[in-house]
Structures are given as C-alpha cells and as structure tokens.
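[1] Compute the structure for the input listed below.
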Amino acid sequence: MNALSHIFRLIGEPAVPFSADPAATELVALMKAQQRYGLPSARMRMAFDERERQVCKAVRSERLVMDYKPPADGSVHLPAVDHPLYAQSLIFWAAVLREPIMRVAEACRRAGDFSTPDEVKQAARKIAFEASTMQTDRLRLSGFADL
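    Numbering: from 1, shown residues only. Have a look, this model is predicted:
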C-alpha cells in the first residue's frame with residue numbers, strides 16, 4: 001500500500017470497485033468505441049484523455065479495486081482482446097508504467113506475452129520516439145519545419 005492510498009483510507013474515502021466507478025465505465029466505453037470506430041471527434045479524444053488520466057490516477061492511488069490481477073511472477077500479460085478483463089489489464093499496466101493506454105497495448109504486442117515491465121516500458125519509449133519522429137517528418141514535408 002502506498003502513502004497516498006494510506007492517507008485516503010485514513011480520511012475515510014473508500015476504495016470503489018472498478019465496475020461501479022463512472023469514470024472507469026466511461027473510459028472502457030471510449031476504449032471500445034476507439035477499437036471499433038476510432039475516435040473521430042476532438043471532443044471524444046479529449047474525453048478519452050481526461051478519463052484515462054482520472055482512472056490511471058485512481059488505480060495508482062488504489063482507490064479503484066480491479067478484478068484484474070497481474071501474474072505472480074510480475075510479468076506483463078494481457079488477456080485476449082475479447083476477454084472481459086482485457087480493458088482492465090490495459091488500464092492497470094498503463095497506470096503502473098505511466099504510459100498512455102494505446103501505447104501500452106502496442107508495446108505489449110511488440111514485447112511479447114509475459115514480458116517484464118522493463119521490456120514493455122522500453123518498447124513504449126521506442127513507440128513514443130517513432131511517433132515523434134513521424135510527426136517531425138510530417139511537419140518537414142508540409143513545409144512548417146522551415147518556419
């Protein structure tokens with residue numbers, strides 16, 4: 001138990017089951033929408049980012065009780081995409097690794113099943129670097145880099 005969760009317990013803010021938390025429920029719904037349709041509007045992207053921040057913060061502070069439990073050996077394992085705990089596992093590892101959910105999903109795919117958290121974190125850093133390089137290339141091609 002970390003210090004922050006200890007403080008919450010002392011002041012009487014109870015831990016909430018994941019399925020009963022409105023922000024967690026909304027985040028899972030947005031994750032499913034993104035998986036099926038993408039997040040077309042800026043409003044949906046902003047809602048997704050805000051809910052992701054809220055829920056990951058609650059997971060780190062142990063204010064959300066999750067059904068997903070990581071493997072005993074400490075490896076990163078995501079259940080199959082159609083598994084009921086897939087979204088919770090992604091959220092859990094995004095909170096632990098302090099990386100965006102979609103980056104964690106791709107990093108886990110690249111690192112392989114039952115990778116160590118360090119291997120997944122390294123893959124996530126590589127993805128972030130690739131994304132920033134691609135963004136720089138887009139700016140250069142559009143002529144904005146010359147301004």
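[2] okay, and for the protein, where does confidence drop off?
    Judged by pLDDT under 70, the chain has its weakly predicted residues at 1-13, 39, 135-147.
[3] switch to 50 and redo it
    Applying pLDDT under 50 to the chain flags residues 1, 142-147.
[4] For it, which segments count as strands?
    If you assign secondary structure with DSSP state E, the strands in the chain sit at 16-17, 64-65.
[5] tell me the most buried of these?
    Compared across the strands of the chain, strand 64-65 shows the largest average neighbour count, a mean of 20 (mean count of other CB atoms under 10 Å). Glycine gets a C-beta too; all of them are placed from N, C-alpha and C.
[6] packing partners for it?
    On a contact count with 3 or more CB pairs under 8 Å, 6 or more residues apart in numbering; DSSP states H and E, strand 64-65 meets strand 16-17.
[7] before we move on, the earlier item: redo the strands of the chain as CSV? Include distance to residue 90.
    Shown next, in CSV, are those (distance: least, CB to CB, whole Å):
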stretch, distance to residue 90
strand 16-17, 18
strand 64-65, 14
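[8] How about the most centrally placed residue in the chain: what's its closest non-neighbour residue?
    Nearest to the mean C-alpha position of the chain, by CA atoms, centre = their mean, lies residue 101 at 2.6 Å. Using CB to CB, 6 or more residues apart in numbering and skipping residues adjacent in sequence, the residue nearest residue 101 is residue 94, 4.5 Å away.
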